[in-house]
Every structure is written in C-alpha cells, then in structure tokens.
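> Below is the structure, and that's it, no one-letter string:
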C-alpha cells in the first residue's frame with residue numbers, strides 16, 4: 001500500500017469502570033506518536049477513529065490491547081495520502097454511541113453475519129433489511145433493497161423502530177451501519193422489544209467493502225465516513241463527495257455550482273435553514289482559515305459557540321432534506 005496514512009476505525013463494548021483514568025495516558029501516547037483523531041471512552045467501552053503512520057497506529061493499538069478488556073478490540077484499517085484529522089482528542093462520554101436507552105446491553109444483540117455470508121442473507125425474501133444510519137449517510141449509498149429510516153440522529157432510531165417495525169410481521173431483520181457499532185445497540189434494542197431473528201453485518205459496511213469483490217457486491221453508491229475524506233468508494237479510496245463546512249453534509253460537484261453554495265457558508269441543503277447571522281459567522285471563519293493558510297498555519301476550528309451553530313445548521317439541513325424527499 002503506497003498511501004502513507006493509516007486510518008483505524010475501532011470500537012469495543014466492554015465494562016470499563018475506570019475509563020476516566022485511561023484518558024490521559026491514551027492522549028499522551030497519541031500526541032507522542034503524532035496520531036490524530038478522536039477516541040471516546042465510557043463505562044460501556046471505547047469507540048473512535050484515529051490516523052497516523054503505520055508504526056504509530058500499531059503503537060496505539062498495542063497499548064489498548066495490552067488491557068485484557070480491550071484485547072478483542074474491533075478495528076478496521078483504510079489508507080489515504082493525507083491526514084484526515086486536525087487534532088488528537090480523547091473524550092469521556094456517557095455512551096460511546098448515543099442511543100439514549102437506559103439498561104441496554106449490547107452483549108444481548110443480534111447474530112453476527114460475516115461479509116462473505118451477507119449477500120445470501122439479504123437475498124432471502126423473508127428478510128427485512130434496515131439501514132441504521134442517518135439520512136445524510138444513506139443518501140449517498142446503501143445496500144440495494146434496504147429500508148432507509150431517514151433519521152437525523154441515532155437517538156431517533158428507537159422511535160422509528162416502534163412505529164415501523166413489528167416483531168409479528170418482520171420476523172427476520174438484518175441491520176447494518178458504517179463500522180458495526182451502531183448495530184450492536186440497534187439489534188440489542190430490537191431483541192429487547194421482542195424480535196427473535198435479528199442479524200447484523202460483522203464489521204459493518206467498511207468490512208464488507210474490504211472483503212467482498214465489487215463484481216459480487218450488493219452495495220450501491222459510496223459510504224459516508226466521519227473524517228475529512230467524507231466518503232469512500234468500493235475500493236475504500238476517497239470518494240467523489242466533498243463536505244459543506246457549514247452543515248457538514250456531503251455535497252457533489254454539481255452542488256458546488258449552485259448559486260446557493262458558498263464555501264464554508266452554505267450549500268443547497270442548508271441555505272434556507274442557516275440564518276443571516278450564522279452565515280456571517282461562517283464567512284468570518286472561512287476568512288480566518290484562508291488567512292491561516294496564507295501564513296502557512298493550520299486553523300484548528302472555531303470557538304464553542306460557533307461549533308454549536310455548525311451542529312444546529314447540520315440538523316436543520318437534514319430535516320429540510322427529509323421534508324424535500326417527502327414532498
């Protein structure tokens with residue numbers, strides 16, 4: 001592999017009672033090895049994506065796996081020529097993937113299905129195939145025949161399931177997500193609600209794209225990823241999508257030619273949902289980024305208030321997209 005940057009998407013659901021004590025040693029190691037990205041720690045485990053040179057990534061993974069609780073860490077590797085992250089962060093959270101359901105045990109989730117067996121499962125006419133990701137993710141690619149809940153966040157999935165999935169009707173349910181972590185909880189939730197046959201794709205879409213030849217693939221489109229690559233194609237190379245730096249939704253080259261697109265300020269998806277004040281703040285941010293670039297410096301982001309506005313713009317844009325699809 002000629003690409004110089006290794007990107008590791010990892011997670012592990014396991015009881016970490018002392019997770020707060022893990023933060024600083026892990027962050028110190030990431031900084032020492034110049035590994036960037038974000039790792040989340042909670043009492044229920046670890047989740048995140050990091051990037052660096054091969055030796056540095058191996059160093060961080062070895063450090064984690066020396067803890068016997070993390071020895072079976074799930075990790076998927078991909079590669080790029082550019083560093084996809086700006087910072088090194090280790091955050092303490094209540095959940096490593098937020099669903100908001102109390103007393104949900106991922107260990108009681110569905111049956112794993114390896115990528116090589118996935119096609120046979122979803123070809124079964126009795127199987128209901130559900131994409132557990134959010135609308136902006138599934139909009140650029142999904143498995144053919146999948147149901148798209150069009151949720152704006154994973155917190156909305158339980159309500160979707162209550163309204164649209166019935167254990168008496170949907171007797172076999174297969175679920176998938178980017179790397180597999182959301183399905184650990186979504187399948188556990190369905191089992192909790194009385195569904196008997198629940199399956200999920202081991203390793204998620206990324207593992208499927210890695211192991212299943214494109215000629216045999218049931219995947220259509222590209223896969224959204226949560227780093228500066230925005231999306232990857234079937235070969236796990238950087239895809240064709242860019243990102244609106246106002247709402248963080250994926251955009252196409254066609255979107256960039258829209259009169260509603262202003263770099264870092266708005267795109268066709270968020271133009272109507274971003275206020276004039278927000279747009280002015282975003283324009284100032286873009287100016288600071290440009291000036292930093294001219295000085296040869298790296299602009300690492302915005303203050304907490306502007307970050308909150310970015311998250312709000314993204315949510316409003318996703319809802320506007322959903323309304324457009326329904327009309």
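Cool, got the structure. No experiment lies behind these values; they were computed from the predicted model shown.
> For the closest residue to residue 143 other than its chain neighbours, list the residues it contacts.
In space, and not counting its chain neighbours, residue 143 is closest to residue 218: 5.2 Å by C-beta to C-beta, 6 or more residues apart in numbering. Heads up, the C-betas are built off the backbone N, CA and C, glycines and all. By C-beta atoms under 8 Å, 6 or more residues apart in numbering, the residues touching residue 218 are 118-119, 122, 143-145.
> Name the member of those residues with the most neighbours.
Counting neighbours by other C-beta atoms under 10 Å, residue 118 comes out on top of the contacts of residue 218 with 25 neighbours.
> how about the nearest residue to that one, chain neighbours excluded?
residue 201 (5.6 Å).
> Low-confidence regions, the stretch 51-200 of the chain specifically.
For the stretch 51-200 of the chain, no stretch has pLDDT under 70.
> rerun at 90
When residues are selected by pLDDT under 90, those of the stretch 51-200 of the chain lie in 74, 78, 86, 102-103, 107.
> So which residues of it form helices?
Taking DSSP state H, counting those that start in this stretch as the test, the helices found in the stretch 51-200 of the chain are 54-65, 115-122, 135-138, 157-164, 181-192.
> and the shortest one, how far from the chain's centre?
Going back to what we said before, that points to helix 135-138. Relative to its chain's centre, helix 135-138 lies at 10 Å (C-alpha atoms, centre = their mean, to the nearest Å).
> name the helices or strands packed onto that helix?
helix 304-326 (3 or more C-beta pairs under 8 Å, 6 or more residues apart in numbering; DSSP states H and E).
> now swap in the last one and tell me
Under the contact criterion of 3+ C-beta pairs under 8 Å, 6+ apart, the helices and strands touching helix 181-192 comprise strand 5-13, helix 157-164, strand 172-176, strand 197-201.
> go with 10 Å
Helices and strands touching helix 181-192, by 3 or more C-beta pairs under 10 Å, 6 or more residues apart in numbering; DSSP states H and E, are strand 5-13, strand 45-52, strand 111-113, strand 127-131, helix 157-164, strand 172-176, strand 197-201, helix 204-211.
> do the first one as well
In terms of contacts (3+ C-beta pairs under 10 Å, 6+ apart), helix 54-65 is packed against strand 5-13, helix 19-32, strand 36-42, strand 45-52, strand 74-80.
> Mind listing residues that contact that helix?
For helix 54-65, the surrounding residues in contact (C-beta atoms under 10 Å, 6 or more residues apart in numbering) are 1, 3-8, 10, 12, 22, 25-26, 29-30, 32-37, 39, 46, 50-53, 70-73, 75, 77, 79.
> hmm, 6 Å instead?
6, 8, 29, 33, 35, 70-71, 73 (C-beta atoms under 6 Å, 6 or more residues apart in numbering).
> Export those to TSV and append columns for neighbour count and distance to residue 278.
Below are the contacts of helix 54-65 laid out as TSV (neighbours: other C-beta atoms under 10 Å; distance: C-beta to C-beta, whole Å):
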residue	neighbour count	distance to residue 278
6	20	36
8	20	34
29	18	37
33	19	37
35	24	33
70	18	40
71	11	46
73	17	39
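> How is this protein divided into domains?
Taking automatic domain parsing as the domain assignment, the ranges for the chain are 5-92, 106-223, 250-326.
> Could you point out which of those domains sits nearest residue 237?
The closest of those to residue 237 is domain 5-92. By C-beta to C-beta, the value is 8.2 Å.
> quick one: terminal-to-terminal distance for that closest one?
Taking C-alpha to C-alpha, to the nearest Å, the first and last residues of domain 5-92 lie 26 Å apart.
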